[in-house]
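Q: The amino acid sequence is not available; the structure is as follows:
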């Protein structure tokens, strides 16, 4: 496929539009958690009800992300991306004027349906605008945007809530609509598309499975592991998994491309996305709660503690993008994973100590995640053909989302306890929050799993091919293509991505 000139205004415009829309979407998701107490008092809602403002949002987002990817393969990502921005902005504006709980819950779901289009399709559009040799850099910019939005959300949410009330947080995120005119102009109208029908039954099965997977940990940690919602979630997950498995085996055109599920490298990458996000999102959501209840910090003070994580996550994402383009994914992923392990151990040791010690390790956590996040999406965008790119990146975004939700539920399940051994398992821990200390310690397990999965990362090097050599090189690459590849590779990737163990 052809790419835009990476130095052109067109390619840069695509990147700017995607980053701005993504910032507002991530900002909304991370800021709302801080203002839930104000929302509860403002609309006279119970704790359980405002909890569903988050749970419902998570459920709908998790279901919608893979649907957008599959639809984009058939109908193109451009129009669906713009539709998502518009719907998200309308939902945000309506949330800002909601007069009661029922209406706010409905428009939060509208927000989720629209916002789910932005992460996966945004990365797809940027990956198609830039060639493989520079995707690490541009996806690093996107990762930096996500990091800043995630960590800046609590700070901005706290400031806006104190100055203008909780409704202002939703109204500010509605400004994402300002990107629509630029998106209509900048996003390419010509896109690669796949033929074939949409497996709606398989999609419903995937949706039921995702619903159950999200519902069980979120409700189990809040209402108990034998509650009705946990039983409903478990049943939904089993039925969804069986339905999806049958459709994947027998449908002519299943909801998830068989080529993706047969490829070990792609599965390893999505598995790493799941585990890394489980370890990263839990502290982002859990630390504000810890600081508020254990240390008595205000929303503004909590935001300041989280700032180092935002800054270093952005820096780590940009650095790892450049490293991925030059040396491949293995080095930044392994350095970042080690940084996350050290950060989680530090958070476990100092969770009951000074907020500024927590800020240091939160910053290290952000830097480590920034180093890991970018190479995963960049490698997927190089492995998978343009026709399947939207589905591949959207499924990866879904795994990010599921991992983060389950990791957060795990942390909160431990946060209400007094520690697994009547005290923290970490011998260096002292003070309060034994449950949080154990939760952070156990979140090191998914990072260790990600380190193990990193053995499957391909060694990517950027080929040095001049314009005069390009025709010959292309012929040689096509000659080297083998018919037993399980994913339709880009020709340039066949040369630069050897088999595992080379």
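A: Thanks, I have the structure now. Bear in mind that the values here come from a model prediction, so they are computed numbers and not experimental data.

Q: How many residues are close by residue 190?
A: 8 (other Cβ atoms under 10 Å). Placement of C-beta: from N, CA and C, glycine included.

Q: what pLDDT, on average, does stretch 39-52 get?
A: Stretch 39-52 shows a mean pLDDT of 76 in the predicted model.

Q: Endpoint to endpoint, it covers what distance?
A: Distance between the boundary residues of stretch 39-52 (Cα to Cα, to the nearest Å) amounts to 12 Å.

Q: Please enumerate the strands of the chain.
A: Counting by DSSP state E, the chain has no strands to list.

Q: residue contacts, residue 281?
A: 150, 403, 404, 405, 407, 408 (Cβ atoms under 8 Å, 6 or more residues apart in numbering).

Q: Swap in 7 Å and give it another go.
A: By Cβ atoms under 7 Å, 6 or more residues apart in numbering, residue 281 lies in contact with 404, 407, 408.

Q: How about residue 208?
A: Counting by Cβ under 7 Å, 6+ apart, residue 208 has contacts 236, 239, 240, 243.

Q: Show me which of those is closest to residue 450.
A: residue 240 (25.4 Å; Cβ to Cβ).

Q: could the contacts of residue 208 be laid out in a markdown table, adding distance to residue 443, neighbour count and pLDDT?
A: Conversion of the contacts of residue 208 to a markdown table gives the following (distance: Cβ to Cβ, whole Å; neighbours: other Cβ atoms under 10 Å; pLDDT from 0 to 100):
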| residue | distance to residue 443 | neighbour count | pLDDT |
| --- | --- | --- | --- |
| 236 | 26 | 20 | 92 |
| 239 | 30 | 15 | 95 |
| 240 | 26 | 21 | 92 |
| 243 | 32 | 19 | 94 |
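
Q: Can you list the buried residues in the lengthiest helix in the chain?
A: Criterion DSSP state H: the longest helix present in the chain is helix 9-42. Using 16 or more other Cβ atoms under 10 Å as the test for burial, helix 9-42 gives 11-15, 17-36, 38-40, 42.

Q: What helices and strands are in contact with that helix?
A: Under the contact criterion of 3 or more Cβ pairs under 7 Å, 6 or more residues apart in numbering; DSSP states H and E, helix 9-42 touches helix 47-75, helix 77-96, helix 101-115, helix 117-129, helix 135-164, helix 167-173, helix 180-186, helix 264-293.

Q: Quick check: mean pLDDT of the third one?
A: Read it as helix 101-115. On average, helix 101-115 scores 92.

Q: Report the angle between that helix and helix 77-96.
A: Relative orientation of helix 101-115 and helix 77-96, computed by axes from the mean of the first three to the mean of the last three Cα atoms, to 10 degrees: 160 degrees.

Q: Ok, the fourth one next?
A: Orientation note: helix 117-129 sits at an angle of 150 degrees relative to helix 77-96 (the same axes, to 10 degrees).

Q: again with the fifth one
A: Relative orientation of helix 135-164 versus helix 77-96 (the same axes, to 10 degrees): 10 degrees.

Q: Direction-wise, compare helix 135-164 with helix 9-42 and give the angle.
A: Using the same axes, to 10 degrees: helix 135-164 against helix 9-42 is 30 degrees.

Q: Helix 135-164 packs against which elements?
A: Helix 135-164 packs on helix 9-42, helix 117-129, helix 167-173, helix 264-293, helix 299-327, helix 355-383, going by 3+ Cβ pairs under 7 Å, 6+ apart.

Q: and the residue nearest to residue 46 when sequence neighbours are not counted, how far is that from residue 51?
A: Leaving out its chain neighbours, the residue that sits closest to residue 46 by Cβ to Cβ, 6 or more residues apart in numbering is residue 40, at 7.2 Å. Using Cβ to Cβ, to the nearest Å, residue 40 is found at 10 Å from residue 51.

Q: The spatially most central residue of the chain: what's it in contact with?
A: For the chain, residue 400 is the residue whose C-alpha lies nearest the centre (Cα atoms, centre = their mean; 4.3 Å). Residues near residue 400 by Cβ under 7 Å, 6+ apart: 273, 277.

Q: same thing with residue 18?
A: Per Cβ under 7 Å, 6+ apart, neighbours of residue 18: 122, 125, 126, 142.

Q: So for it, what's the pLDDT?
A: 91.

Q: How many residues are close by the closest residue to it other than its chain neighbours?
A: Nearest non-adjacent residue to residue 18, counting by Cβ to Cβ, 6+ apart: residue 122, 4.0 Å away. As a burial measure, residue 122 scores 26 neighbours (other Cβ under 10 Å).

Q: Residue 122 touches residue 23, doesn't it?
A: No. Taking contacts as Cβ atoms under 7 Å, residue 122 lies outside contact range of residue 23: 10.5 Å.

Q: measure stretch 239-259 end to end?
A: End-to-end for stretch 239-259, by Cα to Cα: 24 Å.

Q: Tell me, how many residues neighbour residue 339?
A: 22.

Q: er, residue 164 actually
A: 12.

Q: how close does residue 411 sit to residue 402?
A: 15 Å.

Q: likewise residue 16?
A: With Cβ to Cβ as the criterion, residue 16 and residue 402 are 29 Å apart.

Q: Likewise for residue 63?
A: Taken as Cβ to Cβ, the span from residue 63 to residue 402 is 11 Å.

Q: Need the overlap of contacts for these two.
A: residue 210.

Q: which residue packs closest to residue 204, ignoring adjacent ones?
A: According to Cβ to Cβ, 6+ apart, the nearest residue to residue 204 is residue 243 (7.0 Å).

Q: What of residue 342?
A: residue 364 (6.3 Å).

Q: Tell me who's in contact with the closest residue to residue 205 other than its chain neighbours.
A: Counting by Cβ to Cβ, 6+ apart, residue 205 lies nearest to residue 243, which is 3.1 Å off, once chain neighbours are set aside. Counting by Cβ under 7 Å, 6+ apart, residue 243 makes contact with 201, 204, 205, 208.

Q: just how off-centre is stretch 240-248 within its chain?
A: 24 Å (Cα atoms, centre = their mean, to the nearest Å).

Q: oh sorry, the question was meant for stretch 347-359
A: 26 Å.

Q: in it, what counts as buried?
A: 347, 348, 349, 350, 351, 352, 355, 357, 358, 359.

Q: quick one: which of the residues you listed is nearest residue 331?
A: Relative to residue 331, and with distances defined as Cβ to Cβ, the nearest of the buried residues of stretch 347-359 is residue 347, at 24.8 Å.

Q: surely that closest one meets residue 282?
A: No. Using Cβ under 7 Å, residue 347 is not in contact with residue 282, being 10.1 Å away.

Q: ok, back up a step: distance of the residue nearest to residue 46 from residue 29?
A: On the measure of Cβ to Cβ, residue 40 and residue 29 end up 18 Å apart.
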